[in-house]
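Sequence isn't available, so here's the structure alone:
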């Protein structure tokens, strides 16, 4: 059962400061923990793996680094990779070919979008771009709220994942859209799928214990020192109130488990004294309201990524319904006023480190 704890938690996975691979002794069998940090997918990615072979460890990390860089281009909605080319061709309403990876992303997203009642909707790329979050790394970019009339036009176009048709042809598969307003942005899904791929690479290279952490969203395989991987979950109020503890809760992750958090505190801008975050509600065209963060635990990193976004948008009134439809049973929500809502399953797994008003609610599945 979850516990409250007020003392500082110092043994959590933390951000690494070195770009070069580092290693520390792990046990008497010459196993070592190798760690390296990358900047890709618009975030810091920490790779941690356990091996008794330094060459094998470095080779595996190099493969993962190269794969992250490839996917960052291929899955970027505005670069000239596979997804960027798809977005350019959609407006023609003609059928065309693309990569198997993109088709798989579309198929998975169509299913998840239907299960989430459209709250997870990668087809709203034009709407997301109108908020200029693709410029978030530019500190000098003059952010402002999109024009209301433009937002209404984008909402009236109603782009949906089901507007994309996948057609089998003699020598492969083609796609087309029936709605020229569809622009795909997999920002709420691609990181999870990428992390899933990276843990597969670990196993393919005979690494049986490791962690891939992309900006706090992560998946583990195996154990660390014959114990589960202990992970810290950020306090969403920390950036606004630096006097507060940075870590809200901790959880032990077992082999194959993924933990993803969607929050209003990582990608945002301030305009005329108001806070605007990057999680756009496809129903209103504005950032979703009512929730500070949603954390989802699952064996499937892609599902955890998509579900954390959908549940954030669903908010206090709908999150249980959407979680049930998406097959999610372990959820933590933090509301705008700092209250914590835990699903029954999550309450059995998590350890709260800060004293907060906490409610436990069931999910029927």
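Thanks, I have the structure now. Keep in mind that what you see is a predicted model, and the values were worked out from it rather than measured.

need the contact list for the residue found closest to residue 146 once you drop the neighbours it is linked to in the chain.
Distance criterion CB to CB, 6 or more residues apart in numbering; nearest residue to residue 146, sequence neighbours excluded, is residue 130 at 4.4 Å. Where C-beta positions appear, they are placed from N, C-alpha and C, glycine not excepted. Residue 130 is in contact with 146, 150-151, 154, counting by CB atoms under 8 Å, 6 or more residues apart in numbering.

got a pLDDT number for residue 130?
Listed pLDDT for residue 130 reads 94.

Look up how far residue 97 lies from residue 90.
Distance of residue 90 to residue 97, given as CB to CB, to the nearest Å: 13 Å.

quick one: which of those two has more around it?
Just comparing residue 90 and residue 97: by other CB atoms under 10 Å the higher neighbour count belongs to residue 90, 24 against 14.

Turn the contacts of residue 130 into a markdown table, columns for neighbour count.
Shown next, in a markdown table, are the contacts of residue 130 (neighbours: other CB atoms under 10 Å):
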| residue | neighbour count |
| --- | --- |
| 146 | 15 |
| 150 | 13 |
| 151 | 18 |
| 154 | 21 |
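
In helices, which of the residues you listed fall?
Judged by DSSP state H, the subset of the contacts of residue 130 located in helices is 150-151, 154.

related to what we said a few turns ago, next one: phi and psi at the residue nearest to residue 146?
phi -60, psi -20 (degrees, to the nearest 10).

quick one: the strands in the stretch 201-350 of the chain?
210-214, 217-221, 229-234, 247-253, 258-263, 268-271, 274-277, 291-298, 330-335, 340-343, 350-352 (DSSP state E, counting those that start in this stretch).

Turn those into TSV, including distance to residue 197 and mean neighbour count.
Shown next, in TSV, are these (distance: least, CB to CB, whole Å; neighbours: other CB atoms under 10 Å):
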stretch	distance to residue 197	mean neighbour count
strand 210-214	9	26
strand 217-221	10	25
strand 229-234	19	20
strand 247-253	18	21
strand 258-263	12	25
strand 268-271	28	14
strand 274-277	27	15
strand 291-298	16	26
strand 330-335	23	24
strand 340-343	28	22
strand 350-352	27	20
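
Lowest mean pLDDT across those, which one is that?
Minimum mean pLDDT among those: strand 268-271, a mean of 82.

quick one: it to chain centroid distance?
21 Å (CA atoms, centre = their mean, to the nearest Å).

list the helices and strands it packs on?
Where contact means 3 or more CB pairs under 8 Å, 6 or more residues apart in numbering; DSSP states H and E, strand 268-271 is packed against strand 274-277.

strands paired with the strand it packs on, and their directions?
strand 268-271 (antiparallel) (DSSP bridges).

hmm, who's touching the partner strand?
136, 143-145, 275-278.

can you give me the strands in the stretch 1-150 of the chain?
Using DSSP E, counting those that start in this stretch, strands in the stretch 1-150 of the chain cover 22-25, 32-40, 43-51, 96-97.

Please tell me how far stretch 194-205 is from the chain's geometric centre.
16 Å.

which residues are in contact with that stretch?
41, 47, 49, 56, 59-60, 63-64, 67-68, 71, 75, 208, 210, 212, 214, 217-221, 256, 258, 300-302.

so which of the ones in helices among the contacts of residue 130 would you say is closest to residue 34?
residue 154 (45.8 Å; CB to CB).

nearest spatial neighbour of that closest one, skipping sequence neighbours?
The nearest residue in space to residue 154 (CB to CB, 6+ apart) is residue 127, at 4.7 Å.

Contact partners for that neighbour?
So residue 127 contacts 151, 154-155, 159, 280, 282, 285 (CB under 8 Å, 6+ apart).

Then residue 234?
216, 246-248, 261, 263, 265, 293.

Do a quick rundown of the helices in this protein.
Using DSSP H, helices in the chain cover 54-74, 82-90, 100-115, 125-130, 148-157, 190-204, 301-326, 344-349.
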